[in-house]
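>>> Prediction below, plus the sequence it came from.
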Amino acid sequence: MDLGDLRLGTAHALVSESFGERLPAPEAQPAAYLQALIDGLCELSLKDPLTGLHNRRYLNAVLESEIDRVARTGEAALLLIIDIDHFKNVNDTHGHPVGDLVLQAVAHTIRACMRPMDTVARYGGEEFAVILPACQFGFGKRVAERVRKAIKATQVIVSPAVTLNVTASIGGAYTIEWIRSTTALWTDRADAQLYKAKQSGRNHACIEEPPDSTVTADEKNMLLAPLYKTSGWDDLSSNETLNHGSAH
C-alpha cells in the first residue's frame, strides 16, 4: 500500500500533538507507522481531551466488563459518581476558561486518590465516575470521604489574586454479588445516592448500603435440615405409627 494515497495529515498531527511521540518514519516503516497511527487514534477516541481522563465510551466498556467479572467471581466492585457543586456559578462568575481549569484540577485530584487499577472517567459535564474493582463493602464510604475532602482542599489558581475552591457531592453503589446486572441499573443506583448527597446540602458522600444477605441460625436449620423435618412428615409418620399400633 502506498501511504501517499491516504490522507493521513490530520491523523498524524492529532497523534503527534496529543502524545508528544515521534511516529515511525512512514517511508522506511510504513506498516509500523500505520499501526502506531491507528493505536494512537484508538486511544484518543477513549480519552476526554480536556481532562485527559477516560471518556464515557471507555467507562461503559469497563462497566460491562466489571459486571461480568463480579457475576463470575462474586468479588465486590464500587461505582462512584462525583458531581462538582454549583459548577454553573463558576462558569457564570469567572467564565468557561476558568471552569475548564476547575475541571482539570478536580480530575487530577480524583486520579491522585485512586489506585492504578481503578478506572477514572469524565462522566459528562461536571460529573466524573470511578470504578473500583475489588473494593470491599467496608471501604466504600472511606474512599468516598477521602475523595470529597481532597476535592474540597484543592486550590485552583486563576490568577495571582484569585484562587478558587470547590466542593463535590458523591454517590456510590456496589455491584450485586453473583448476579449479572446491567450498566443502566448500576449507574441508576449510584445516581440515586448522588441525589441523596445533594439533598443533604451538597459536599456530602452517600454510599448505598449493601443488601443484607445474612442467614440466621433458624433459617440455616430450615435450609439444611432433611426434607421430612420441614414438610410435616414427622407428624404423618407419628400418625401412621399410632394407627398401626391401634390396629394390632
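Nice, thanks for sending it over.

>>> thought E145 was touching C206?
No. Under the contact definition of C-beta atoms under 8 Å, E145 does not touch C206, with a separation of 10.7 Å. For the C-beta atoms, the positions are set from N, CA and C on the backbone; glycine is no exception.

>>> Compare the two (neighbour count), which wins?
C206 (22 against 14; other C-beta atoms under 10 Å).

>>> does that one really touch K198, like I thought?
No. Contact criterion C-beta under 8 Å: C206 and K198 do not qualify, at 9.2 Å.

>>> Quickly list what the residue nearest in space to the middle of the chain is bridged to.
The centroid of the chain falls nearest to I131 when counting by C-alpha atoms, centre = their mean (2.6 Å). I131 has the following beta-bridge partners by DSSP bridges: L79, T119.

>>> Tell me how far it lies from I110.
Taking C-beta to C-beta, to the nearest Å as the measure, I131 falls 12 Å from I110.

>>> Next: H94.
21 Å.

>>> just T119 next, same as before
Counting by C-beta to C-beta, the gap from T119 to I110 is 11 Å.

>>> Run through the helices of the chain in chain order.
Counting by DSSP state H, the chain has these helices, from start to end: 9-19, 30-45, 56-73, 87-94, 96-113, 140-153, 183-199, 217-224, 227-230, 233-247.

>>> Kindly reformat these as CSV and extend each row with mean pLDDT.
As requested, these are exported to CSV (pLDDT from 0 to 100):
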stretch, mean pLDDT
helix 9-19, 81
helix 30-45, 83
helix 56-73, 93
helix 87-94, 96
helix 96-113, 97
helix 140-153, 97
helix 183-199, 96
helix 217-224, 56
helix 227-230, 47
helix 233-247, 44
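
>>> how about the ones you listed, which one is nearest V166?
Comparing these by their distance to V166 (C-beta to C-beta), the top pick is helix 96-113, with 5.8 Å.

>>> mind listing what's buried in that closest one?
98-99, 101-103, 105-107, 109-110, 113 (16 or more other C-beta atoms under 10 Å).

>>> of all these, which comes closest to T183?
For the buried residues of helix 96-113, the nearest to T183 is I110 (20.3 Å; C-beta to C-beta).

>>> what do T119 and I110 both touch?
Residues touching both T119 and I110 by C-beta atoms under 8 Å, 6 or more residues apart in numbering: V130.

>>> Would you mind giving both backbone torsions of the nearest residue to A32 once chain neighbours are set aside?
Closest residue to A32 apart from its sequence neighbours, by C-beta to C-beta, 6 or more residues apart in numbering: P24 at 4.3 Å. Backbone torsions for P24, taken as degrees, to the nearest 10, come to phi -60, psi 150.

>>> Got the domain ranges for the protein?
3-45, 56-207 (automatic domain parsing).

>>> Perfect, that will be all.
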